[in-house]
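[1] Okay, predicted coordinates and the sequence, questions at the end:
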Amino acid sequence: MSYALPPAGLPSQSDELTGTSIFTESYAFMPAGVMRDIVTSFIPNWTNSRAWIIARPLSGFAETFSQYIMEVGAGGGSDCPEDNPDAEAVLFVVEGQLELRNSMGTHVLNEGGYAYLPAGEGWTLHNRSDKKATFHWVRKRYEAAKGIPAPEAFVTSDAENTPIAMPDTNGAWATTRFVEPTDLRHDMHFNIVTFQPGGLIPFEETHVMEHGLYVIEGTAEYLLNRDWVSVGPGDFMWLRAFCPQACRATGDGPFRYLLYKDVNRHAKLPW
Ligand SMILES: NC(=O)N[C@H](N)C(=O)O
């Protein structure tokens, strides 16, 4: 499996790459080309690390998550990665190797490695190798549901999970699910969606769930509200609740993306 990475570095003075990013009331499109050194953030209590913060709540409780692409240099990491006890996390490694320690012990996460860490879980993350490592870090304030226990931590990987084909698509559209859709302990999913060449979302999905979509491989035309946008490796899309979306996979190989989605809870009321 291959996973796209931010190009980093500095943009060249001889290549003008303007006109590619989009920010609207219903979605944002951040092409890989904008993820350069000068737009990174440093996160408290992390050493030799930096983040591209590609999603965060903007307007009170209308948005549900933040997503970072975290780059951890050799020997870097954190003994105190999260300072919000209400924040649950998913980590997904796209480059290198990281050592995770939590209540279940010590785990080595390689490329494609996936960890779910519930709110309040103590964990540490370190790059013990001599090469940089990169991972996606999704953070969400966990919403407890009456009578339902909180989920437990788990570690798995892309390779250990078989994509489930959507019915009647002949495998052209499949989803790697790291949590069962009927497991109501979970209030978010972070899955991998795979389309084979020519595969489609053939209608305008329009739903209450918010999305983050990070393209890890391949190309497509993606409908974001009223706009068909050409997308490829390393591009990120943030879709607010109810933003219409559809997809046509282009190119000769699979089109794959990481998909965040808030799930399994009542719609919030304003009182
Ligand atoms: N844009 C998407 O991939 N949406 C998914 N079908 C989903 O909402 O689960």
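    Received it, and whenever you're ready, just let me know what you need.
[2] Pull up the gap between Asp227 and Ala51, please.
    28 Å (Cβ to Cβ, to the nearest Å). Yep, even glycine has a C-beta here, placed from its N, CA and C like the rest.
[3] Which residue of the two possesses the greater neighbour count?
    Taking other Cβ atoms under 10 Å, Asp227 and Ala51 do not tie; Ala51 has more neighbours (18 against 12).
[4] Nearest spatial neighbour of that one, chain-adjacent residues omitted?
    Tyr68 (4.2 Å; Cβ to Cβ, 6 or more residues apart in numbering).
[5] on contacts alone, who are the packing partners of the host helix or strand of that neighbour?
    Per DSSP states H and E: Tyr68 is located in strand 65-78. Applying 3 or more Cβ pairs under 8 Å, 6 or more residues apart in numbering; DSSP states H and E, one finds that strand 65-78 contacts strand 47-55, strand 98-102, strand 124-126, strand 133-141, strand 211-217, strand 255-262.
[6] Buried residues in it, which are they?
    65-73, 76-78 (16 or more other Cβ atoms under 10 Å).
[7] Next to the ligand, which bits of the stretch 151-271 of the chain? Give me the list.
    Proximity of the stretch 151-271 of the chain to the ligand (Cβ under 6 Å from any ligand atom) is limited to residues 193, 205, 209, 211, 245, 259, 261.
[8] which of those residues are buried?
    Among these, those that count as buried by neighbour count (16+ other Cβ under 10 Å) are 193, 209, 211, 245, 259, 261.
[9] Just give me the closest of the residues you listed to Glu121.
    Ranked by distance to Glu121 (Cβ to Cβ), these are led by Lys261 at 21.2 Å.
[10] so which of the buried residues of strand 65-78 comes closest to Gly234?
    Nearest to Gly234, judged by Cβ to Cβ, of those is Ile69 at 9.2 Å.
[11] Identify the farthest-apart pair in the residues of the stretch 151-271 of the chain next to the ligand.
    Val193 and Met209 (13.4 Å).
[12] How about stretch 63-79 and the ligand, touching?
    No: Stretch 63-79 lies out of reach of the ligand by Cβ under 6 Å from any ligand atom, never closer than 13.7 Å.
[13] And the average pLDDT for that stretch is what?
    Mean per-residue pLDDT for stretch 63-79: 98.
[14] again with stretch 202-212
    In this model, stretch 202-212 has an average pLDDT of 98.
[15] now do stretch 7-24
    If you average the pLDDT values across stretch 7-24, you get 89.
[16] distance between the ends of it?
    Taking Cα to Cα, to the nearest Å, the first and last residues of stretch 7-24 lie 24 Å apart.
[17] Please list the outside residues in contact with that stretch.
    28-38, 71, 224-225, 227, 229, 234 (Cβ atoms under 8 Å, 6 or more residues apart in numbering).
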